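Undergrad: please find the sequence and the predicted model below.
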Amino acid sequence: MRKLFLVTILLFIGVAFSYAQVELKALVGTNLTKFGNDDNDVSAKAGFQFGGGVLIGDKFYVEPGIQFVRNSKTLTMETTELAFDQNFVKIPVYAGYHVLGHESGPLAMRVFGGPTVSIPGKISGGDHGITKDDINNALWAVDAGIGLDILFLFVEVNYEYTMTKTFKDETIDSKNRGIIINAGIHIDF
């Protein structure tokens, strides 16, 4: 499934490069995510991500990308506290619209959203030994956000709503919710 998804994205990028205006993006950012469970006390530390994407189009656009993400959480259930760090490879495919300006202009504001899939990597489970085997193989989510482009720089703020539980254990509501802030550079072609 992962190979088919990646091959489809690469094929789409290849075809789109030949027909549309293209912009390469490199980004770094921070994230603050927590589980959507009201029954348990969840605290989160700021995480980080870095990666890139390809914006294809002008007024309307599609933006597939790849990001390497790290986030940290502490989950308190009754008297048990689980602290762990997660590494993911996140593959977003956003569709967007330039509300003000356009991709090749000096100033633009855009809105975007779309599906993402996060593939777990290394899990540091602290004292309780949470391992990669405790985590689902793919975490599907929907992101929505707003971006501001100034010359060759950009800033984006988006909200992530995960539809897949992080843990395979069905008794814990471990769907991520989070705010993500990215900044970076873009190069138009």
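TA: Thanks, I have it. Numbering: from 1, shown residues only.
Undergrad: going forward, measure contacts between C-alpha atoms and count neighbours the same way
TA: Fine.
Undergrad: quick one, strands of this protein?
TA: Applying DSSP state E to the chain gives strands spanning 22-35, 41-57, 60-77, 80-100, 107-124, 139-150, 153-162, 176-188.
Undergrad: quick one: which of the ones you listed is nearest residue 133?
TA: Within the strands of the chain, the stretch nearest residue 133 is strand 107-124; the backing value is 9.4 Å (Cα to Cα).
Undergrad: list the contacts for residue 33?
TA: Residues near residue 33 by Cα atoms under 8 Å, 6 or more residues apart in numbering: 44, 46, 71, 73, 176, 177, 178, 179.
Undergrad: which residues does it bridge with?
TA: Residues in a beta bridge with residue 33, per DSSP bridges, are residue 178.
Undergrad: ok, it to residue 74 distance?
TA: Noted for residue 33: a distance of 11 Å to residue 74, by Cα to Cα, to the nearest Å.
Undergrad: shared neighbours of those two, anything?
TA: residue 44.
Undergrad: returning to what we had before: mind putting the strands of the chain into TSV with mean pLDDT?
TA: Formatted as TSV, the strands of the chain follow (pLDDT from 0 to 100):
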stretch	mean pLDDT
strand 22-35	90
strand 41-57	85
strand 60-77	86
strand 80-100	88
strand 107-124	91
strand 139-150	95
strand 153-162	95
strand 176-188	91
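Undergrad: export the contacts of residue 33 as a markdown table, with columns for neighbour count and distance to residue 107.
TA: Below are the contacts of residue 33 laid out as a markdown table (neighbours: other Cα atoms under 10 Å; distance: Cα to Cα, whole Å):
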| residue | neighbour count | distance to residue 107 |
| --- | --- | --- |
| 44 | 19 | 34 |
| 46 | 14 | 29 |
| 71 | 20 | 32 |
| 73 | 20 | 37 |
| 176 | 20 | 33 |
| 177 | 19 | 30 |
| 178 | 17 | 27 |
| 179 | 17 | 24 |
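Undergrad: closest one to residue 112 out of those residues, please.
TA: For the contacts of residue 33, the nearest to residue 112 is residue 179 (14.4 Å; Cα to Cα).
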